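Student: generate a structure from the sequence data that follows.
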Amino acid sequence: MYNYYLTIVLAPLAAAIIAGLAGKKIGRAGAHWVTIAGVGTACLLSMLVLKNFFWGGAPAENISVYTWAVTDGLRMEVGFLVDRLTVLMMCVVTFVSLMVHIYTIGYMREDPGYQRFFSYISLFTFAMLMLVMSNNFLQLFFGWEAVGLVSYLLIGFWFKKETAIFANLKAFLVNRVGDFGFLLGIAGVVMFTGSLDYATVFGQAKSIAGQSIEVFQGTPWNAMTVICILLFIGAMGKSAQAPLHVWLPDSMEGPTPISALIHAATMVTAGIFMVARMSPLFELSTTALGFVIVIGSITAFFMGLLGIIQNDIKRVVAYSTLSQLGYMTVALGASAYSAAIFHLMTHAFFKALLFLAAGSVIIAMHHEQDIRKMGGIKKYMPITYWTSLVGSLALIGFPGSSGFFSKDLLIEAVRDSHWQGQGAVYWIAYLSVLLGVFITALYAFRMFFLVFHGEERMDAETKLHLHEPSAVVTAPLILLAIPSAIIGWFTVGPVLFGDYFGGAIFVSENKDIVSHMAHAWHGSFALLTHSVRTPVFWLAASGVIAAWFLYLKRPDIPEIIKIKLSGIYNVLDRKYYFDDLWIKGFAGGGRAIGQLLWQRGDQMTIDDTLVNGTARTVVRLAGFVRQIQTGYLYTYAFAMIIGLTALLGWLIWLR
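Tutor: Numbers count the residues shown, from 1 in each chain. The predicted model follows:
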């Protein structure tokens with residue numbers, strides 16, 4: 001299997017290098033075929049590894065590939081930890097990436113940067129695979145930073161577009177804030193264990209939990225709590241949790257395929273995966289888990305509200321991602337790690353589907369993205385319509401869809417987590433994710449109805465050429481719609497209530513809410529029949545009905561509500577002023593400090609005083625000395641006499 005693992009990681013990297021460096025020689029077709037072959041190979045081998053684990057009973061493998069450096073006993077290695085958590089992530093990443101690669105052939109057909117784009121997305125896949133397959137913190141951090149770097153390149157892919165450059169800088173800078181916390185967390189791990197290896201660190205977890213650290217002098221904090229919160233700050237940046245979420249909606253400035261890749265299979269899922277991987281650490285800090293669940297609750301509820309007022313088709317889906325990531329984070333905070341990963345898996349399929357379907361509409365509408373200028377597209381684009389419907393139903397958790405199994409059980413896990421005795425925090429989290437069901441259904445079907453149903457609001461020229469895109473665009477939609485519709489049926493049992501993860505995820509016995517729920521598990525069909533009696537079902541149904549009534553039956557009412565509740569609307573339109581906080585506060589404050597240091601420090605102290613001041617002093621001194629140089633012999637003779645007299649006087653005085 002060792003060769004399989006190396007091939008899975010290196011095939012996308014090799015393809016990226018070939019497409020990037022030899023793009024002009026191999027041409028457009030060569031670029032997409034070599035990268036599709038690389039990612040396709042990784043996908044096929046990942047599924048074979050999954051087969052060996054799931055049906056063959058293969059044990060987890062912890063492999064050291066090579067030692068990069070050793071310093072003061074600290075080993076820095078490249079290696080693979082391949083267990084059931086890893087292989088699930090490998091399959092999700094490579095399958096969604098493969099669909100995006102195929103889709104890109106149609107979406108980027110006319111783009112002059114065609115080969116460069118394929119090189120970037122293949123490199124993105126390599127970076128994510130390095131992250132999920134790592135067996136140590138060094139390699140984890142390498143993959144962590146690599147996906148951040150490639151996302152910067154992809155969000156700003158259209159580098160002549162000012163908004164794209166602003167968006168990629170915003171993503172890069174906000175993630176640096178999170179990554180600083182992440183790096184401090186890793187430093188804390190090394191300080192207490194002297195190792196970067198997962199197995200060694202997890203083996204010493206209880207020892208860390210028994211120690212303290214003084215963040216502020218005289219105030220000891222539990223070392224495990226500090227480390228876990230710092231690691232989670234990194235996850236807040238990558239997985240776009242409030243208040244480090246502001247970069248994700250602006251990432252829509254990149255081409256649609258990369259929106260699907262970032263939101264579904266790479267980067268934003270990295271933080272969720274990391275916390276699940278670090279479950280042996282987080283389980284030893286109740287405070288850190290409480291912090292996680294509070295941040296997730298805020299993100300799930302409040303970011304969902306922003307989706308209701310968005311008019312850009314991609315931004316509606318983007319805010320949906322923010323909200324769903326909040327759901328996963330809440331599950332992590334409730335120690336329901338398997339529920340979070342299960343929702344991550346199903347979400348990857350239907351979110352990639354929704355983004356690529358949105359891209360299909362954008363192509364047909366000649367790159368128009370305002371849903372207020374669409375409507376009635378169903379008859380022109382039947383494949384996009386039906387696949388979008390599948391994705392939307394999965395997003396809201398419609399009974400039987402993949403999202404139903406993952407989202408409903410996640411909400412139940414949060415509801416039942418109060419038995420841990422954690423009090424009001426968990427009830428507030430439950431209410432947040434429960435109310436989020438209605439909000440999700442409202443914004444999802446608002447978009448669906450405005451785009452595909454009702455009055456045709458596009459101009460005559462657009463309507464004349466409106467049709468389904470080519471097969472390379474629609475085929476990935478169909479292939480993603482299949483798991484979005486059915487994968488939950490046969491995976492929910494083993495992944496959530498079986499022993500699929502084995503030792504890959506650690507949960508303390510007194511916090512194992514999923515095992516507690518397993519006693520009431522009677523199969524997928526029983527869950528389906530039970531769902532119609534739950535508040536989740538009725539809240540989702542109410543959201544769909546409200547969207548139908550407000551945006552198809554009485555489209556005048558939303559404008560009335562907007563006027564009546566203008567104060568609330570303005571707060572939502574300004575995104576709770578988080579952008580102002582970051583741009584004017586954080587970035588603006590940083591620039592102001594920099595300007596002050598430039599003017600007072602660099603210009604006044606260094607330039608004017610030290611550098612220019614020294615130069616001016618030398619000029620003045622030289623000007624004075626120059627006056628002595630008259631060129632007359634009697635002047636020099638007089639100076640010599642004066643000097644000789646002074647010398648003799650000094651000698652006589654000493655005697």
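Student: for stretch 522-537, buried residues please.
Tutor: The neighbour-count check on stretch 522-537 (16 or more other Cβ atoms under 10 Å) flags 524, 527, 531, 534, 536-537 as buried. Any C-beta I mention is one placed from the backbone N, CA and C, and that applies to glycine too.
Student: and if you look at stretch 96-110?
Tutor: Quick answer for stretch 96-110 (16+ other Cβ under 10 Å): 96-108.
Student: how distant is the helix or strand bottoming out on mean pLDDT in the chain from the center of its chain?
Tutor: The weakest-scoring helix or strand in the chain, judged by mean pLDDT, DSSP states H and E, is helix 588-596 (a mean of 75). Relative to the chain's own centre, helix 588-596 is displaced by 28 Å; criterion: Cα atoms, centre = their mean, to the nearest Å.
Student: after it, which helix or strand is next?
Tutor: helix 612-628 (DSSP states H and E).
Student: contacts for the longest strand seen in the chain, please.
Tutor: Longest strand in the chain by number of residues (criterion: DSSP state E): strand 61-71. Contact with strand 61-71 is made by 1-2, 5-6, 75-83, 135, 138, 198-199, as judged by Cβ atoms under 8 Å, 6 or more residues apart in numbering.
Student: list the buried ones in it?
Tutor: Here strand 61-71 shows 61, 63 as buried, counting by 16+ other Cβ under 10 Å.
Student: neighbouring strands - and their directions - for it?
Tutor: Here strand 61-71 is paired, per DSSP bridges, with strand 74-82 (antiparallel).
Student: for the strand it pairs with, list every residue counted as buried.
Tutor: Here strand 74-82 shows 75, 77-82 as buried, counting by 16+ other Cβ under 10 Å.
Student: what about the strands in the stretch 151-300 of the chain?
Tutor: For the stretch 151-300 of the chain, strands defined by DSSP state E, counting those that start in this stretch occupy the ranges 212-216, 219-222.
Student: remind me what the last one packs against, helices and strands.
Tutor: What that stands for is strand 219-222. Identification of packing neighbours for strand 219-222 by 3 or more Cβ pairs under 8 Å, 6 or more residues apart in numbering; DSSP states H and E yields strand 212-216.
Student: next, count neighbours for residue 584.
Tutor: Neighbours of residue 584 under the rule other Cβ atoms under 10 Å: 13.
Student: surely it is in a helix?
Tutor: Yes. Assessed with DSSP: H, G, I helix; E, B strand; the rest coil, residue 584 lies in a helix.
Student: check contacts around it.
Tutor: Here residue 584 is in contact with no residue (Cβ under 8 Å, 6+ apart).
Student: so what pLDDT did it get?
Tutor: Reported pLDDT at residue 584 in the predicted model: 70.
Student: ok now the helix or strand hosting residue 477, how far from the chain's centre?
Tutor: Using DSSP H and E, residue 477 sits within helix 471-492. Centre-to-centre, helix 471-492 and its host chain are 23 Å apart (Cα atoms, centre = their mean).
Student: ok, and what's touching it?
Tutor: Residues contacting helix 471-492 (Cβ under 8 Å, 6+ apart): 96, 99-100, 102-103, 105-107, 342, 345-346, 349-350, 352-353, 356-357, 359-360, 363, 383-384, 386-387, 390-391, 394, 400-406, 409, 468, 524, 527.
Student: give the buried residues for the very next helix or strand once past it.
Tutor: Once helix 471-492 ends, the next helix or strand along the chain (criterion: DSSP H and E) is helix 513-518. Across helix 513-518, burial judged by 16+ other Cβ under 10 Å covers 513-514, 517.
Student: quick one: average confidence on helix 513-518?
Tutor: On average, helix 513-518 scores 86.
Student: what is it packed up against?
Tutor: Here helix 513-518 touches helix 402-416, going by 3+ Cβ pairs under 8 Å, 6+ apart.
Student: what angle sits between the helix it packs on and helix 471-492?
Tutor: 40 degrees (axes from the mean of the first three to the mean of the last three Cα atoms, to 10 degrees).
Student: poorly predicted segments of the chain, please.
Tutor: 265, 418-423, 586-587, 601, 654-655 (pLDDT under 70).
Student: one more time with 50
Tutor: 419-420 (pLDDT under 50).
Student: before we move on, back to that, of all the strands of the stretch 151-300 of the chain, which one is nearest residue 597?
Tutor: Minimum separation from residue 597 across the strands of the stretch 151-300 of the chain (Cβ to Cβ) falls at strand 212-216, 26.1 Å.
Student: strands paired with the closest one, and their directions?
Tutor: Short version: by DSSP bridges, strand 212-216 pairs with strand 219-222 (antiparallel).
Student: give me the most central residue, the chain.
Tutor: residue 268 (2.4 Å; Cα atoms, centre = their mean).
Student: okay, now the residue lying closest to it once chain neighbours are set aside: neighbour count?
Tutor: Counting by Cβ to Cβ, 6 or more residues apart in numbering, residue 268 lies nearest to residue 239, which is 5.2 Å off, once chain neighbours are set aside. A count of neighbours around residue 239, defined by other Cβ under 10 Å, yields 32.
Student: distance-wise, check residue 239 relative to residue 328.
Tutor: Here residue 239 is placed at a distance of 8 Å from residue 328 (Cβ to Cβ, to the nearest Å).
Student: find the residues that touch each one of those two.
Tutor: With Cβ under 8 Å, 6+ apart as the test, residue 239 and residue 328 both reach residue 272.
Student: check which helix or strand residue 87 maps to.
Tutor: helix 84-107.
Student: run the angle between that helix and strand 61-71 for me.
Tutor: 90 degrees.
Student: so what does helix 84-107 touch, helix or strand wise?
Tutor: Secondary elements touching helix 84-107 (3+ Cβ pairs under 8 Å, 6+ apart): helix 2-21, helix 23-54, helix 114-133, helix 256-260, helix 270-277, helix 337-364, helix 471-492.
Student: switch those helices over to TSV; also include distance to residue 158.
Tutor: Formatted as TSV, those follow (distance: least, Cβ to Cβ, whole Å):
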stretch	distance to residue 158
helix 2-21	18
helix 23-54	17
helix 114-133	10
helix 256-260	11
helix 270-277	24
helix 337-364	14
helix 471-492	19
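Student: please consider this matter closed, and thank you.
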